[in-house]
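Trainee: sequence-free structure coming up:
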């Protein structure tokens with residue numbers, strides 16, 4: 001027997017079912033899914049605002065955590081997954097160490113350094129002892145000579161000082177190292193912060209709180225003095241946009257001239273350890289001269305005030321909560337720091353990640369990516385390299401000399417993909433002794449060991465195969481001195497890369513990154529280094545002038561949308577190069593399915609979907625050579641003719657530039 005529902009009741013029940021089944025708009029969430037989806041916004045035309053079309057829905061579904069200041073989904077989702085894995089790994093390792101379980105030397109080091117960071121009482125005691133000891137030493141100093149000797153001793157002990165030392169690749173022979181020294185008296189990111197009255201006024205209060213905290217009765221006066229000294233130095237220190245050019249200059253200075261020009265730097269002991277045939281870099285002579293004059297002639301008490309603040313304020317945390325909170329509130333207000341700081345376990349995990357990046361990655365990597373399809377990804381990367389080479393061959397403005405140099409660079413570029421293959425590539429930290437009770441001393445021990453290794457390496461052949469980052473880093477880089485591109489497995493997560501997706505989609509994301517980084521090898525700065533990494537211009541002067549002329553249009557475009565076009569020029573050209581050659585690899589001769597072409601551009605846009613606090617965005621506009629995410633999408637696709645074609649955009653649409661305004665580099 002059939003049971004029949006009356007028509008009216010049936011209609012009512014269907015209406016109820018439909019209402020119940022209709023998905024309610026979920027509240028924004030901070031959760032990190034295994035795979036985040038990026039639904040397009042059908043209410044926004046891709047031809048009017050492609051970033052909003054691709055990103056607004058995922059942005060509206062997300063709530064930024066209070067202990068984060070930004071979240072770019074493609075990068076940050078992967079970082080959060082890796083961070084969570086490392087947090088759990090270190091917590092377990094710490095428990096094993098404390099239970100007396102036998103651990104490998106590497107695991108014991110990681111567990112000890114992590115455990116020390118978690119030791120609140122140990123940290124408090126060290127902070128108090130460091131403040132007391134440093135102030136006592138400064139109080140005993142009565143002459144300038146004593147103060148300069150003190151600074152040199154601090155440097156030798158891997159403690160804060162005004163002049164630091166290091167090494168970098170030699171520009172004539174990158175198989176060897178140069179020795180370098182750098183000086184700085186700034187604690188804010190760049191010059192403009194010191195010149196804004198509201199920022200400077202609030203920062204003076206932070207400095208005053210420092211002197212009050214250490215028991216100084218002239219805190220307000222000393223804060224004013226310290227801020228004035230930092231401000232004066234900031235006025236002569238290069239801006240971030242100027243650094244790009246400075247670090248590619250060929251500079252040199254003899255040991256004798258270092259001691260003669262900058263006697264106050266007290267570098268005699270360090271120079272004795274530098275082989276006589278090692279070049280010494282002379283990056284920013286104007287800054288060095290100003291610092292020398294300051295150390296040689298400024299009032300001694302003012303120098304001692306400045307040193308006390310700069311050396312001690314960064315480490316005053318657990319034992320000095322009032323000062324820390326004052327400093328943290330300033331950074332929230334003006335520098336875009338998060339609303340609250342991350343919990344201690346996370347901070348300690350991140351500390352280990354910074355200091356023992358490769359050691360930790362070597363342990364965690366097998367747990368996270370046991371079956372990664374390396375060969376498939378390597379083939380994709382090689383397809384981008386091939387697209388660049390073919391594009392250079394067809395280039396219309398490069399001279400034959402320029403073409404030959406660019407092709408040689410791309411053919412000879414080394415691609416280090418996925419993970420290091422041997423000890424030489426890993427280049428782990430040197431050994432040192434660490435304690436569960438002294439987190440600050442552990443940091444100093446590592447710095448001393450790294451410095452010792454640096455001096456030894458000055459006399460050795462430079463390791464060009466070493467990775468500059470751990471394989472679980474969510475990033476990639478190109479090294480001009482090595483003519484190599486490094487892409488770790490950490491970044492090879494969706495939406496950057498998914499081996500199950502069509503290759504055209506993957507090329508829109510990770511392919512554009514590969515093209516971007518390799519493109520640095522043949523841009524205006526890459527033209528200064530040949531295919532072996534030597535500082536030797538392989539483009540003709542005509543090529544360089546032509547390249548810069550084309551780049552000027554990019555400067556103007558990004559200036560018009562609120563960016564510093566000079567600061568971001570190199571990375572903007574990198575983005576343009578990356579998208580151009582990734583598209584060429586995906587669609588040779590422009591041929592291919594229209595829907596796949598749309599998917600290519602959509603996947604590129606998804607890489608840059610994200611959110612950030614307003615003050616963080618402001619800080620990045622001043623200091624970051626990369627444009628903000630929305631600009632990396634919208635401004636770039638405007639310069640891709642294929643974009644307007646595949647989305648059927650009209651000439652009057654916002655995402656379309658007149659042909660004579662579009663930037664063409666390659």
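Mentor: In hand now; what should we look at? Since the model is a prediction, treat every value here as computed from it, not as a measurement.
Trainee: can you pull the contacts of the nearest residue to residue 632 once chain neighbours are set aside?
Mentor: Residue nearest to residue 632 in three dimensions, not counting chain neighbours: residue 608, with 4.7 Å by C-beta to C-beta, 6 or more residues apart in numbering. In short, each C-beta sits where N, CA and C put it, glycine included. Contacts for residue 608 were tallied using C-beta atoms under 8 Å, 6 or more residues apart in numbering; they are 51, 55, 72, 74, 629, 630, 632, 633.
Trainee: which among those gets closest to residue 309?
Mentor: For the contacts of residue 608, the minimum distance to residue 309 (C-beta to C-beta) is 33.8 Å, reached by residue 72.
Trainee: still on that earlier bit, filter the contacts of residue 608 down to just the ones in helices.
Mentor: 51, 55, 74, 629, 630, 632, 633 (DSSP state H).
Trainee: is it true that the fifth one touches residue 51?
Mentor: Yes. Using C-beta atoms under 8 Å, residue 630 makes contact with residue 51 at a distance of 4.4 Å.
Trainee: so between these two, which is more surrounded?
Mentor: For residue 630 versus residue 51, neighbours defined as other C-beta atoms under 10 Å are more numerous around residue 51 (23 against 19).
Trainee: may I ask which of the ones in helices among the contacts of residue 608 has the most neighbours?
Mentor: residue 633 (28 neighbours).
Trainee: where does the prediction get shaky in this protein?
Mentor: For the chain, the stretches with pLDDT under 70 are 1-25.
Trainee: repeat that for 80
Mentor: 1-26, 524 (pLDDT under 80).
Trainee: sorry, back to before: just the closest of the ones in helices among the contacts of residue 608 to residue 357, please.
Mentor: Of all the ones in helices among the contacts of residue 608, residue 74 has the smallest distance to residue 357: 20.6 Å, by C-beta to C-beta.
Trainee: which stretches of the protein form strands?
Mentor: 70-72, 163-169, 177-183, 414-418, 477-479, 484-488, 610-612 (DSSP state E).
Trainee: what's the closest of those strands to residue 358?
Mentor: Using C-beta to C-beta, the strands of the chain put strand 484-488 closest to residue 358, at 10.5 Å.
Trainee: show residues contacting stretch 511-520.
Mentor: Residues contacting stretch 511-520 (C-beta under 8 Å, 6+ apart): 380-381, 383-385, 387-388, 410, 413, 476-478, 480, 485, 487, 491, 496, 526, 570-571, 573-575, 577-582, 585-586, 604, 607.
Trainee: so which of those residues sit within helices?
Mentor: Checked against DSSP H, the contacts of stretch 511-520 include these in helices: 380-381, 383-385, 387-388, 410, 570-571, 573-575, 577-582, 585-586, 604.
Trainee: winner for burial among the strands of the chain?
Mentor: For the strands of the chain, the largest average neighbour count (mean count of other C-beta atoms under 10 Å) is found in strand 484-488, namely a mean of 24.
Trainee: residues touching that strand, excluding its own?
Mentor: Contacts for strand 484-488 (C-beta under 8 Å, 6+ apart): 381, 413-419, 464, 467-479, 510, 513-514, 517-518, 521.
Trainee: what distance separates that strand from the middle of the whole chain?
Mentor: 15 Å (C-alpha atoms, centre = their mean, to the nearest Å).
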